[in-house]
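Novice: sequence and predicted structure, then a few things I'm wondering about:
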Amino acid sequence: MKLRLRIDPRLPAYLLAGFGGLVAAIATGQPELAALGAPFIALAAMGMRASPPTDLGGEVVLKEARVIEGDLVEGTIELEWDGDAEVDAILTAWRGVQADDPAPEIAWALPNGAGPVRLTFRLKAESWGVHDLGILWVRARRRGGLVGVEAKVAPAPALAVLPSALRLDQLLKPAEPRAVSGMHLSSLRGQGTDFAELRPYRPGDRLRDLSWGTSARLGEPWVTVHHPERTGTVVLLLDASFSDGSAGVEALARAARAAWAVASAHVSVQDRVGFLATGRTAAWVAPEGGRRARWTLIDELLSVGGAAENETRRRRHSKRVVMPADALVVGITSLRVPAVPTELLHYRRAGHATAALVIDTSDLLPAVEGLGASAARRIWLRQRDIEVSRLERSGVPTALVDPVAGVGPALSSLRRRMGSTRVASAWAH
Amino acid sequence: MRGAVGLRAQPGTRARVGAATLAAGVLTGLSAAGLGATTNHVWGAAGYVGLVAFSLLAPASLWAQVVAGQIMAGALLLGADATPWWLVLPVVAGVVATAELASIAARLDVVVPRPPSTDLRGAFRSVLVAAVAFATVALAAGLPGPAGFLAVALASLACAGAAILLMGSGTPTGEPVP
């Protein structure tokens, strides 16, 4: 830890005046000038007598490392120094949170005294993502001293802020479920609880599958066939392009909340979920299931959110994107830039099942003033509609995510439309 | 480990201290101008007050204010119409008080300004030390010949030593906050 001296502006003033007076007295032979210098020398000596503390130390601890948007998180700072001193402590350069107590700055001016001391603070998690909470700076000076010290004492831990949870009643249906048990209906026939069809008995069928009523009517054994329950693979394609400013960050936050809602719901039913972010920051997580997938997805989603708040966190991933053949690719985008729709169409042409959740950000546009702004707004909305039409014509069903209603109604709409597509596909077999 | 609560200065404290600084500077300048009673002394006092105001905006320029005040007091002590030192004493004390108040105002211009009550007590103590040091050395300077210089040197050292001892007499420890 590097200590930096802070010299009070009085010290050079007193030294200059003091020695200046003495030198002038000697040079001119006027002892009265020494009387002018003596007070300042005395004051300078008095101020320098109190040497500043040299042994500063501290630590920042958070009560929780992960919170939900809007939550309050408490923390403590433990400070120590040698001897009695007037100490100022400040937590600087924190992002993604708002100071709650103390406010508006996380800073303290402590009365003259000895350490160690414990300080408590409270923050409100404002935006999702992994956020740096800055650095703890300490400034210390002996009472009456003209020389103090300041130092960066300790970095604050990072805080992971999860997007606010959204409740989903329905899930999207993946294109071709996998062979691991889950809750989606497979186009295959096998053991399960959902009725698929009736057919004549074949050697090897289980006796418990015999449909006695049908067998009695038709005079020969018939069996009931069910859909087996299988898992699916869903890859979320998040549009991580955003404009600078609070509107851009909010637009990304809405997309991330929708992505998190879809991801957590699918993971909870043993689907494999992958994540691909593209834009001003990038991330790729190959589809996987289970508890590990949940935390991996959280971390990657939060890293995208953290990148929105902090330019130094933006990154390009070097991993090769391998999209599973059976993956349902769900694009989550505001259609601000054509990159994600273009990528969705690419996957569609490659034979993947695709869908798009279009995040409505029209309410984030600045207030319309004048003909020019009004025309620009209309053009932007029209361009968005054109992009939606392009996706629809290419076979990518889309649904608009209203900021008020949330992602649930949009998913219901997609599910209905994708369900009919899957049935048609099943008939073809 | 004891818990602690930070101190907070009341809103507007810096403005009040700044106003007190300017008032002290004006009073000091007026005293010097009145004692000198010449056009040069008046201009010198006006320049001093200007530097006081500037130091409130740029605390790093505090040295200019102190040096200007010292020159203003020196101009009163020297010359054919030299002012007696006991009349210049308030000017010297005023220069020190103005510098102390200006530095307190500067220290209030931070993220978390602490209440200046302790600093104001320290400023008062500084003014006393400066006044005693000036008076002691001025008295010693009144002695004729080489003894006068020796007395000045000894008196200056004594004042500095006394100030150091005064500073090292211990500072009260802040009361722990439950």
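Specialist: That came through, no problem.

Novice: helices along chain A, start to end?
Specialist: A:10-28, A:32-49, A:212-218, A:246-268, A:290-309, A:339-349, A:370-393, A:407-428 (DSSP state H).

Novice: ends of stretch A:80-98, how far apart?
Specialist: Using CA to CA, to the nearest Å, the span of stretch A:80-98 from its first residue to its last is 26 Å.

Novice: next one: stretch A:197-205
Specialist: Stretch A:197-205: ends 14 Å apart by CA to CA.

Novice: any regions of chain A where pLDDT drops low?
Specialist: Applying pLDDT under 70 to chain A flags the ranges A:163-196, A:226-231, A:290-292, A:308-320, A:419-429.

Novice: can you report how many residues neighbour residue 90?
Specialist: Picked chain A for this. A:I90 sits with 19 neighbouring residues when counted by other CB atoms under 10 Å in any protein chain shown. Where C-beta positions appear, they are placed from N, C-alpha and C, glycine not excepted.

Novice: I was thinking of chain B, sorry if that wasn't clear
Specialist: 17.

Novice: nearest residue to the residue positioned nearest the centre of chain B in space, please, no chain neighbours.
Specialist: Centroid check for chain B by CA atoms, centre = their mean gives B:V96 as the closest residue, at 0.9 Å. Excluding its sequence neighbours, the residue lying closest to B:V96 (CB to CB, 6 or more residues apart in numbering or on different chains) is B:A130, at 4.1 Å.

Novice: for the one you found, list the residues it contacts.
Specialist: By CB atoms under 8 Å, 6 or more residues apart in numbering or on different chains, the contact list for B:A130 reads A:P39, A:F40, A:A42, A:L43, B:V92, B:A93, B:V96.

Novice: just the closest of those to A:G20, please.
Specialist: A:F40 (8.4 Å; CB to CB).

Novice: the closest one: neighbour count?
Specialist: With other CB under 10 Å as criterion, A:F40 counts 30.

Novice: what's near enough to touch the spatially most central residue of chain A?
Specialist: With distances taken as CA atoms, centre = their mean, A:G129 lies nearest the centre of chain A, 2.1 Å away. For A:G129, the contact set (CB under 8 Å, 6+ apart) comprises A:G96, A:A160, A:V161, A:L302, A:S303, A:V304, A:G305, A:G306, A:A307, A:A308, A:E309.

Novice: next up, phi/psi of the first one, please.
Specialist: When you say that, I think you mean A:G96. Note on A:G96: backbone dihedrals following degrees, to the nearest 10 are phi 70, psi 0.

Novice: filter the contacts of B:A130 down to the buried ones, PyMOL style.
Specialist: The command below creates a PyMOL selection of those among those that count as buried (16 or more other CB atoms under 10 Å in any protein chain shown):
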select buried, (chain A and resi 39+40+42+43) or (chain B and resi 92+93+96)
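
Novice: what's the neighbour count on the nearest residue to A:I106 once chain neighbours are set aside?
Specialist: Nearest non-adjacent residue to A:I106, counting by CB to CB, 6+ apart: A:L91, 3.9 Å away. Using other CB under 10 Å, A:L91 has 24 neighbouring residues.

Novice: next: A:E59.
Specialist: When neighbours are counted by other CB under 10 Å, A:E59 registers 15.

Novice: for it, give its distance to chain B.
Specialist: Using CB to the nearest CB, to the nearest Å, we find A:E59 at a distance of 11 Å from chain B.

Novice: isn't that residue right next to A:G75, touching?
Specialist: No - A:E59 is beyond contact range of A:G75, at 10.5 Å (criterion: CB atoms under 8 Å).

Novice: as JSON lines, the contacts of B:A130 with distance to A:T333 would be great.
Specialist: Compiled in JSON lines, the contacts of B:A130 are given as follows (distance: CB to CB, whole Å):
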{"residue": "A:P39", "distance to A:T333": "72"}
{"residue": "A:F40", "distance to A:T333": "69"}
{"residue": "A:A42", "distance to A:T333": "72"}
{"residue": "A:L43", "distance to A:T333": "67"}
{"residue": "B:V92", "distance to A:T333": "74"}
{"residue": "B:A93", "distance to A:T333": "72"}
{"residue": "B:V96", "distance to A:T333": "68"}
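
Novice: filter the contacts of A:G129 by proximity to chain B?
Specialist: Among the contacts of A:G129, no residue sits close to chain B (CB under 8 Å from any CB of the partner chain).

Novice: between those, which is nearest chain B?
Specialist: Distance to chain B across the contacts of A:G129 (CB to the nearest CB) is lowest for A:G96, with 19.8 Å.

Novice: ignoring the adjacent residues along the chain, who's closest to that closest one?
Specialist: With CB to CB, 6+ apart as the criterion, A:G96 has its nearest non-adjacent residue at 3.3 Å, and that residue is A:H131.

Novice: and the one you found, how far from A:A251?
Specialist: Distance of A:H131 to A:A251, computed by CB to CB, to the nearest Å: 18 Å.

Novice: just the element for the residue nearest to B:V96, please.
Specialist: Assigned by DSSP states H and E, B:A130 belongs to helix B:117-141.

Novice: how about the strand or helix carrying B:A64, does it get close to chain A?
Specialist: According to DSSP H and E, B:A64 maps onto helix B:62-77. Yes - counting by CB under 8 Å from any CB, contacts between helix B:62-77 and chain A involve B:L62, B:W63, B:Q65, B:V66, B:V67, B:Q70, B:A73, B:G74, B:L77.

Novice: who wins for neighbours among these?
Specialist: Greatest neighbour count in those, by other CB under 10 Å, goes to B:A73: 32 neighbours.

Novice: which residues touch the residue nearest to it when sequence neighbours are not counted?
Specialist: Among residues not flanking B:A73 along the chain, B:V91 sits closest, at 4.7 Å (CB to CB, 6+ apart). Residues near B:V91 by CB under 8 Å, 6+ apart: B:T28, B:S31, B:A32, B:L35, B:G69, B:M72, B:A73, B:L76.

Novice: what's the answer for B:A68, then?
Specialist: B:A68 neighbours (CB under 8 Å, 6+ apart): B:G44, B:G47, B:Y48, B:L51.

Novice: now do the spatially closest residue to B:P59 that is not a sequence neighbour, the pLDDT please.
Specialist: Nearest non-adjacent residue to B:P59, counting by CB to CB, 6+ apart: B:A106, 3.5 Å away. Looking at B:A106, its pLDDT stands at 91.

Novice: what is the neighbour count of B:A106?
Specialist: When neighbours are defined as other CB under 10 Å, B:A106 has 23 of them.

Novice: isn't it up against B:L57?
Specialist: No - applying CB under 8 Å, one finds B:A106 not in contact with B:L57, separated by 10.0 Å.

Novice: I'd say A:S413 and A:V401 touch.
Specialist: No - checked against CB under 8 Å, the pair A:S413 and A:V401 is beyond contact range at 10.1 Å.

Novice: who's more crowded, these two?
Specialist: Per other CB under 10 Å, whichever of A:S413 and A:V401 has more neighbours is A:V401, with 23 against 16.

Novice: can you list the buried residues in the helix or strand harbouring B:G94?
Specialist: Using DSSP H and E, B:G94 falls within helix B:85-107. The neighbour-count check on helix B:85-107 (16+ other CB under 10 Å) flags B:85, B:88-107 as buried.

Novice: how far does the stretch of helix or strand B:A45 belongs to sit from the chain's center?
Specialist: Assigned by DSSP H and E, B:A45 belongs to helix B:39-57. For helix B:39-57, the separation from the chain centroid amounts to 15 Å (computed by CA atoms, centre = their mean, to the nearest Å).
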